[in-house]
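[1] Quick one, structure for this:
(one chain, ligands or ions: 1)
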Amino acid sequence: MSVPASIREAPRPAALDVERVRVDFPILRERVRGRPLVYLDNGATTQKPRSVIDAVSRYYAQDNANVHRAVHSLAQRATEAYEAARARVARFLGAADAREVVFMRGTTEAINLVARSFLRPRLNPGDEILVTALEHHSNIVPWQLVAEEAGARLRVVPMDAQGALVLDEFEALFSERTRLLAVAHVSNALGTVAPVTEMAAVARRHGVPVLVDGAQAVAHRAVDVQALGCDFYAFSAHKMYGPTGIGVLWGRLEHLEGMRPYQGGGEMIRRVTFEGSEYAPPPARFEAGTPNIAGAVGLGAAIDFLEAIGPETAGAHEHDLLAYATERISEIPGLRLIGTAPEKAAILSFVFEDVHAHDVGTILDSEGVAVRVGHLCAMPVMRHFGIPAVTRASFGVYNTRGEVDRLVAALWKVREVFGR
Ligand code: PMP
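    Next up is the predicted model:
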């Protein structure tokens, strides 16, 4: 079992014992610019616990072979490990069937697969795809690519000045031309939690399928795809303590069974002749070529790690940090929070009136504090707030109030350097 002892042995904590969690993350012992690292860029990617690192390295040291292809023992072990990871993901998401879990490179590839294989054949000139104003580029551009080809267009669910979606206008956006609703579960730029269950219920009334981009959600709250009522759910392992290069598309089996392959190659076929090929059923149909086997194993270990803590416990801990950080940084003159929706996850974005975000990021780095700066792959969000860029602190299970204090002290230093 790959769950670290420190977590496995602890009773399910109402409050997280964060110091015990931190011990499992070797990178947190790194020093940056002579100071202990404060890692607050979890929205971009999280750090990896020892159990995930060990699961990947144990797989390579003991089980490595190609999957599904050979009869030798290692190949069987590798195949079992890969398929066990798929079953693990299915349980984690509340999926009805492990065949609904397709291993992808990440959220981006998962969304592109749905755009290309599910939506494109259904799109006709004049059709509409509904997205929201808070989307990451990867939940905008794939839809634009297929919309351009088909002569379809995007319609956008608006958001208010706090960064919450305006749902009064939501239902009016549906028409008989609406072919899909694509919505982020949690906004990467603002932390806004979208009411996806309610939105999916409205979409269902209109017979419109729903894709949820769960990239910023899975590590921070419990996800049950049945309860959400969506048709597709996409996420990346690397934002939930797992490896890079692996992610998941969950899709309802009846949709996946009706979809054409996204890429052709080995593994995704039943029979090939020069006259034509017969495709394998899902999920193999969408996993052409040798998959990221070690990545899938690492993702399984990451789910074990997260579930041992409990997604609600992780979310509650991060919420405490968010509340504390929001209060502390609001005291800094000239600093404006971007994204103050009533329901927010562990993301805190802000701007200084008179200091560019890149300068903020550089000064924070000199203090050993890692944050994100820039447009965060959400240019339409920046435009909505009339700013070019933000600084974003995003929290994970291993962050502490002490680290928030380090962030706040570094922000006061920014204030000092830029003289106010
Ligand atoms: N959607 C959201 C909301 C994200 O935050 C991200 C990553 N920043 C993505 C999609 C894309 O994820 P990936 O780069 O892992 O494919």
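
[2] In stretch 205-222, which residues are buried?
    Neighbour counts over stretch 205-222 (16 or more other Cβ atoms under 10 Å) mark 208-222 as buried. The way it works is simple: take the backbone N, C-alpha and C, and place the C-beta from them, glycine included.

[3] The stretch 151-300 of the chain against the ligand: which residues are in contact?
    184, 188, 213, 215, 216, 236 (Cβ under 6 Å from any ligand atom).

[4] would you list those residues in TSV and tack on secondary structure and pLDDT?
    Compiled in TSV, these are given as follows (DSSP: H, G, I helix; E, B strand; the rest coil; pLDDT from 0 to 100):
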residue	secondary structure	pLDDT
184	strand	98
188	coil	98
213	strand	98
215	coil	98
216	coil	98
236	strand	98
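
[5] List just the nearest of the residues you listed to residue 318.
    Closest approach between these and residue 318, by Cβ to Cβ: residue 216, at 11.5 Å.

[6] Look up phi and psi at the closest one.
    phi -100, psi 10 (degrees, to the nearest 10).

[7] Distance of it relative to residue 353?
    From residue 216 across to residue 353, the span is 27 Å (Cβ to Cβ, to the nearest Å).

[8] circling back: turn the residues of the stretch 151-300 of the chain next to the ligand into TSV, columns for distance to residue 343.
    Converted to TSV, these look like this (distance: Cβ to Cβ, whole Å):
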residue	distance to residue 343
184	13
188	15
213	17
215	17
216	13
236	22
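
[9] Send me the helix ranked longest in the chain as CSV with only the CA atoms.
    In the chain, assigned by DSSP state H, the helix with the most residues is helix 73-93. Extracted in CSV, the C-alpha atoms of helix 73-93 (Å, rounded to 0.1, in the frame of the first residue of the first chain):
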residue,chain,number,x,y,z
SER,A,73,5.0,-12.0,-16.4
LEU,A,74,6.3,-8.5,-16.3
ALA,A,75,3.9,-7.5,-19.1
GLN,A,76,1.1,-9.0,-17.0
ARG,A,77,2.2,-7.1,-13.9
ALA,A,78,2.5,-3.8,-15.8
THR,A,79,-1.0,-4.4,-17.3
GLU,A,80,-2.4,-5.2,-13.9
ALA,A,81,-0.9,-2.0,-12.4
TYR,A,82,-2.2,0.1,-15.3
GLU,A,83,-5.7,-1.3,-15.1
ALA,A,84,-5.7,-1.2,-11.3
ALA,A,85,-5.0,2.6,-11.6
ARG,A,86,-8.0,2.9,-14.0
ALA,A,87,-10.2,1.1,-11.5
ARG,A,88,-8.8,3.4,-8.7
VAL,A,89,-9.7,6.5,-10.7
ALA,A,90,-13.2,5.1,-11.4
ARG,A,91,-13.8,4.6,-7.6
PHE,A,92,-12.4,8.1,-6.9
LEU,A,93,-14.9,9.7,-9.3
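
[10] Just give me how far that helix sits from the chain centre.
    Helix 73-93 sits 21 Å away from the centroid of its parent chain (Cα atoms, centre = their mean, to the nearest Å).

[11] Now the next helix or strand after that helix - C-alpha only, PDB.
    Per DSSP states H and E, helix 73-93 leads on to strand 101-104 as the next helix or strand towards the C-terminus. Output of strand 101-104 as PDB, limited to C-alpha atoms (Å, rounded to 0.1, in the frame of the first residue of the first chain):
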ATOM      1  CA  VAL A 101     -12.000   6.300 -17.500                       C
ATOM      2  CA  VAL A 102      -9.700   7.200 -20.400                       C
ATOM      3  CA  PHE A 103      -6.100   8.000 -19.600                       C
ATOM      4  CA  MET A 104      -5.000  11.100 -21.300                       C
END
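
[12] quick one: contacts for residue 288?
    Contacts for residue 288 (Cβ atoms under 8 Å, 6 or more residues apart in numbering) come out as 261, 262, 263, 264, 265, 266, 267, 268.

[13] Look at the first one and say how many residues are nearby.
    Here the count is done by other Cβ atoms under 10 Å, and residue 261 has 20 residues near it.

[14] A helix includes it, no?
    No: counting by DSSP: H, G, I helix; E, B strand; the rest coil, residue 261 is not found in a helix; it is coil.

[15] where's it relative to the ligand, distance?
    Per Cβ to the nearest ligand atom, to the nearest Å, residue 261 is found 20 Å from the ligand.

[16] Next: the third one.
    The spacing between residue 263 and the ligand, counted by Cβ to the nearest ligand atom, is 16 Å.

[17] Torsion angles phi and psi at that residue?
    phi -130, psi 150.

[18] May I ask you to confirm that it is in contact with residue 285?
    No: using Cβ atoms under 8 Å as the test, residue 263 is too far from residue 285 to be in contact (10.0 Å).

[19] okay, those two: which has more neighbours?
    The residue with more neighbours, out of residue 263 and residue 285, is residue 285; 21 against 13, by other Cβ under 10 Å.

[20] Assign a three-state SS to that one, would you?
    Look at residue 285: counting by three-state DSSP, its state is helix.

[21] pLDDT wise, what is it at?
    If you check residue 285, the pLDDT there is 97.

[22] I'd say it and residue 261 touch.
    Yes: counting by Cβ under 8 Å, residue 285 does reach residue 261; the two are 5.3 Å apart.

[23] any common contacting residues for these two?
    Counting by Cβ under 8 Å, 6+ apart, the contacts common to residue 285 and residue 261 are 268, 279.

[24] Helices of the stretch 51-200 of the chain, start to end?
    73-93, 107-113, 141-150, 196-205 (DSSP state H, counting those that start in this stretch).

[25] Of these, which stretch is the most buried?
    Most buried of those, by mean neighbour count (mean count of other Cβ atoms under 10 Å): helix 107-113, with a mean of 24.

[26] is that one anywhere near the ligand?
    Yes: using Cβ under 6 Å from any ligand atom, helix 107-113 reaches the ligand at 107, 108.

[27] Output the contacting helices and strands for that helix.
    On a contact count with 3 or more Cβ pairs under 8 Å, 6 or more residues apart in numbering; DSSP states H and E, helix 107-113 meets strand 101-104, helix 141-150, strand 210-213, strand 232-236, strand 247-251.
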